[in-house]
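Enquirer: this is the structure alone, sequence omitted:
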């Protein structure tokens, strides 16, 4: 995003903000990473990696101490201004597609061939997953993604909001109920999620409901509206950990794909 950046060939000491899972997918363990959401798909792989704080406000001194060869960050000018004084810094826009982002990170790491292989393997896995859903007879069912529960629920209306939305709506091609799908398809829609009162939540519930779950969330077990939504009443509620479904790097997407398909198919057995 900032034009040409001169970087070392095959950099060994990589610091990465937010795009950690993409870097790990190349079998590259960074020397430092921004703080990771608890429960992230790659949490175990980072146990020995220094946590540098929030990606948008890292500990600058800690980054300097790591003596990175290259720094990879999302789009934030203030962050770039800090990091580029420390080491060659590559800034990649949040809106960049998976293919473009992974290709660019592959170039930075000197692993262009591996980037092509990662993408090819991922899309093969997507096709295999679609076939599993077809065979299970649920590829034409609708899915809602929800979060929250104190008087209202947040309902996902985009395929770029995390919470499994990219896997479910974009890659698997599963539809949401019409009232949500219209918003997902609307190119002018700027709301990635909307708040819906519990009183009308049934209108937004698909054949399956994925709920982004986290410690301390509201227990809706005995709520009359929630308990009487067909998907909930008939055992088609799937709880998905917030940290696990937060990221949309290729490492996380692949793990989410396995989980989502396995959970959907399991409801038919």
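Expert: All right, it came through fine. All values reported here derive from a predicted model rather than from experimental measurement.
Enquirer: please make it C-alpha for all contacts and neighbour counts, starting now.
Expert: OK.
Enquirer: so how many other residues sit close to residue 244?
Expert: Number of residues near residue 244 (other CA atoms under 10 Å) recorded here: 25.
Enquirer: and the pLDDT at the closest residue to it other than its chain neighbours?
Expert: Closest residue in space to residue 244, ignoring its immediate chain neighbours: residue 40 at 4.2 Å, by CA to CA, 6 or more residues apart in numbering. Note for residue 40: predicted pLDDT of 96.
Enquirer: ok, now residue 227?
Expert: 91.
Enquirer: can you list phi and psi of the residue of the chain most remote from its centre for me?
Expert: Most distant residue from the mean C-alpha position of the chain: residue 224, 31.6 Å away (CA atoms, centre = their mean). Taking degrees, to the nearest 10, you get phi -60, psi -40 for the backbone angles of residue 224.
Enquirer: surely residue 36 and residue 43 touch.
Expert: Yes: with contact defined as CA atoms under 8 Å, residue 36 reaches residue 43; the gap is 7.1 Å.
Enquirer: from the contact counts, what lies against the biggest helix by length in the chain?
Expert: With secondary structure taken from DSSP state H, the chain has its longest helix at helix 112-135. Applying 3 or more CA pairs under 8 Å, 6 or more residues apart in numbering; DSSP states H and E, one finds that helix 112-135 makes contact with helix 98-109, helix 250-266.
Enquirer: what lies in contact with that helix?
Expert: With contacts defined as CA atoms under 8 Å, 6 or more residues apart in numbering, helix 112-135 is touched by 25-26, 99, 102-103, 106, 139, 171-172, 250, 254, 257, 261, 264-265.
Enquirer: of these, buried ones?
Expert: For those, a burial check counting by 16 or more other CA atoms under 10 Å picks out 25-26, 102-103, 106, 139, 171-172, 250, 254, 257, 261, 264-265.
Enquirer: tell me the least confident of these?
Expert: residue 139 (91).
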